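1. Here is my input, please return the structure:
(4 chains)
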2 protein chains.
Amino acid sequence: MDRSDTPCGLDVALAIIGGKWKPLILYHVQSGPTRFADVKRSVAGISEKVLIQQLRDLVAMNVLVRRDHQRVPPMVDYALTPFGESLVQALIPLCEWGNQNRAKVTETL
Amino acid sequence: MDRSDTPCGLDVALAIIGGKWKPLILYHVQSGPTRFADVKRSVAGISEKVLIQQLRDLVAMNVLVRRDHQRVPPMVDYALTPFGESLVQALIPLCEWGNQNRAKVTETL
DNA sequence: CCTCGAGCATACCTTTAGGTAGGTTCTATC
DNA sequence: GATAGAACCTACCTAAAGGTATGCTCGAGG
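-> Now for the predicted structure:
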């Protein structure tokens, strides 16, 4: 397969999932609409400030939608847009590659 | 649900291609063994220092091999390892996704 | 009426990736 | 003998991503 004529779209993708936590966020939101607190629990170790930042970024890029259910106490959840879905699809091979090679990679760090 | 039980392989992959230039470097080395100066020319805008750093990182992670031809003036080239090849394969869908959505993404930045 | 927790905001500090600007070694070529 | 060019190295600087800490609103449960 000759790919030398096509430009590299990786920079585009990395502009979206380039953050430290964005891939993990996408991974956990992928299963369906997820509440803020649930994302926070799933992505262990992330601070609230950073999580909000990343979520806002993803919303701004049309990868996620923020749905505010207008309740008190606050009830908000985030879900993938169709655009976000297509991104997640493109990420699957890389995700699987990472799982298969996790041991090899972590031992060389 | 525990974080370490259901890991997402994306963090592993991003540990390797996470840098600003690494995807582009991989993209240009993929066509075959490439000399340092050629990589530098292909990846326009990168400084020598950073390029060397990134190449060293990729070598340290067994994605690339550095081959020194023991000449003066220096003659060195970099090539993908089989491990690196498998990574590149996993990157193709993401690369294509990026190309298809380049316009949409860049306009929202 | 006091606290708790949801989903934020805001101020401040630290870490680090990346950029700039120089130097080095050795030979071939002018 | 001056210069150029290959592939590095070293020191220093900056910007921004990420982390820490705290404060906010509002209503339900005690």
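
2. For the rest of this, base every contact and every neighbour count on C-alpha atoms.
-> Will do.

3. The single nearest residue of chain A relative to DNA strand C is in what secondary structure piece?
-> Residue of chain A nearest DNA strand C, by Cα to the nearest atom of the strand: residue A:37 (3.4 Å). Residue A:37 belongs to helix A:36-42 when assigned by DSSP states H and E.

4. other SSEs contacting that helix?
-> helix A:22-29, strand A:76-80 (3 or more Cα pairs under 8 Å, 6 or more residues apart in numbering or on different chains; DSSP states H and E).

5. centre of the chain versus that helix, how much separation?
-> Relative to its chain's centre, helix A:36-42 lies at 13 Å (Cα atoms, centre = their mean, to the nearest Å).

6. For that helix, list the C-alpha coordinates in PDB.
-> C-alpha atoms of helix A:36-42 as PDB (Å, rounded to 0.1, in the frame of the first residue of the first chain):
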ATOM      1  CA  PHE A  36     -19.800  14.800  35.000                       C
ATOM      2  CA  ALA A  37     -19.300  13.000  38.300                       C
ATOM      3  CA  ASP A  38     -19.200   9.700  36.600                       C
ATOM      4  CA  VAL A  39     -16.500  10.800  34.200                       C
ATOM      5  CA  LYS A  40     -14.600  12.100  37.100                       C
ATOM      6  CA  ARG A  41     -14.800   8.800  38.900                       C
ATOM      7  CA  SER A  42     -13.900   6.800  35.800                       C
END
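
7. Is that helix in proximity to DNA strand D?
-> No - using Cα under 7 Å from any atom of the strand, we find that helix A:36-42 stays clear of DNA strand D, coming within 11.8 Å at best.

8. Next up, the contacts around residue A:34.
-> A:28, A:77, A:78, A:79 (Cα atoms under 8 Å, 6 or more residues apart in numbering or on different chains).

9. Would you mind confirming that the third one makes contact with residue A:66?
-> In this case it means residue A:78. Yes - using Cα atoms under 8 Å, residue A:78 is in contact with residue A:66, at 4.7 Å.

10. ok, and the closest non-adjacent residue to the residue nearest the centre of chain A?
-> The structure's chain A has its C-alpha centroid closest to residue A:26; by Cα atoms, centre = their mean the separation is 2.5 Å. Excluding its sequence neighbours, the residue lying closest to residue A:26 (Cα to Cα, 6 or more residues apart in numbering or on different chains) is residue A:88, at 7.5 Å.
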